[in-house]
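Asker: Predicted model follows, preceded by the sequence.
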Amino acid sequence: MKNIPNVITITRILGTVVLLFIIPFSELFFIIYILCGISDVLDGMIARKMNLVSKKGQILDSIADFLMVILLLLVFVLNLNLPLWGVYWLVSIAVIRLTSLGVGFMRYRQLASLHTYANKLTGAALFCFPFLYVGLGLYTTTILLCFIASISAIEELIINAVSKKLWRDIKSIFSL
């Protein structure tokens with residue numbers, strides 16, 4: 001019973017990998033994509049509701065989130081004609097995120113991926129990417145998502161640089 005949230009997270013990881021082999025924006029793609037999104041909400045909700053929150057679960061969730069972002073970026077970048085400025089912006093965000101992970105690792109001797117409100121908003125915005133792309137177009141969606149992701153990446157870097165201890169569930173920089 002205590003492994004249910006982690007099993008859900010592992011299922012999300014497997015579903016994310018399956019998305020690599022499915023035609024982007026197809027019906028099957030959207031079905032699996034939505035199931036992955038639902039599982040992302042469910043694992044944490046069940047863990048909190050059943051008092052099963054664990055460090056292992058938090059780390060597994062961060063790995064699942066990271067994998068989903070990387071694999072979906074790969075799928076979307078390879079299948080969409082992303083403007084060059086969008087590619088540069090994405091690379092800049094990735095550099096900030098990797099720097100934040102490096103700073104966190106040097107300070108805490110472990111991966112320091114945080115669950116801030118800005119990171120949750122970024123995750124929700126990234127999850128909505130295919131739907132926003134269909135509704136708003138590539139340019140507007142790229143600007144919106146990159147803007148949100150930039151703010152959360154910078155916030156996480158600052159928190160990891162100045163926080164005295166690793167606090168994975170910190171809500172925002174204003175909680176310091």
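Answerer: That came through, no problem. Numbers count the residues shown, from 1 in each chain.
Asker: So the chain: which segments form each domain?
Answerer: Following automatic domain parsing, the chain resolves into domains at 1-61, 80-176.
Asker: What is the end-to-end distance of the longest one?
Answerer: Which is domain 80-176. For domain 80-176, the first-to-last residue distance is 39 Å (CA to CA, to the nearest Å).
Asker: tell me the SS of Y88?
Answerer: With DSSP: H, G, I helix; E, B strand; the rest coil as the basis, Y88 sits in helix.
Asker: Using neighbour counts, pick out the buried residues of the helix or strand of the chain with the lowest mean pLDDT.
Answerer: Of all helical and strand segments in the chain, the minimum by mean pLDDT, DSSP states H and E falls on helix 55-79, at a mean of 85. Buried residues in helix 55-79, counted by 16 or more other CB atoms under 10 Å: 57-58, 60-62, 64-65, 68-69, 71-73, 75-76. C-beta coordinates here come from the backbone N, C-alpha and C atoms, glycine included.
Asker: ok, S152 touching A124?
Answerer: No. S152 lies out of contact with A124 (CB atoms under 8 Å); the separation is 10.9 Å.
Asker: Between those two, which is the more surrounded one?
Answerer: Shown here are S152 and A124; by other CB atoms under 10 Å, S152 has more neighbours (24 against 13).
Asker: For the residue nearest to that one when sequence neighbours are not counted, give me its contacts.
Answerer: Nearest residue to S152, sequence neighbours excluded (CB to CB, 6 or more residues apart in numbering): A118, at 3.6 Å. Listed by CB atoms under 8 Å, 6 or more residues apart in numbering, the contact partners of A118 are I148, I151, S152, E155, E156, S172.
Asker: Could you check how far A118 is from L52?
Answerer: Distance check for A118 against L52: by CB to CB, to the nearest Å, it reads 26 Å.
Asker: And L84, by the same measure?
Answerer: 45 Å.
Asker: and those two? which has more neighbours close in?
Answerer: Using other CB under 10 Å, the more surrounded residue of L84 and L52 is L52, with 16 against 7.
Asker: What separation do you get for the more buried one and I70?
Answerer: Distance from L52 to I70, by CB to CB: 27 Å.
Asker: which one is Q110 nearest to, not counting chain neighbours?
Answerer: Q110 sits nearest to L166 (CB to CB, 6+ apart), 6.9 Å away.
Asker: Does the one you found touch S113 like I think?
Answerer: No. Counting by CB under 8 Å, L166 stays clear of S113, with 10.0 Å between them.
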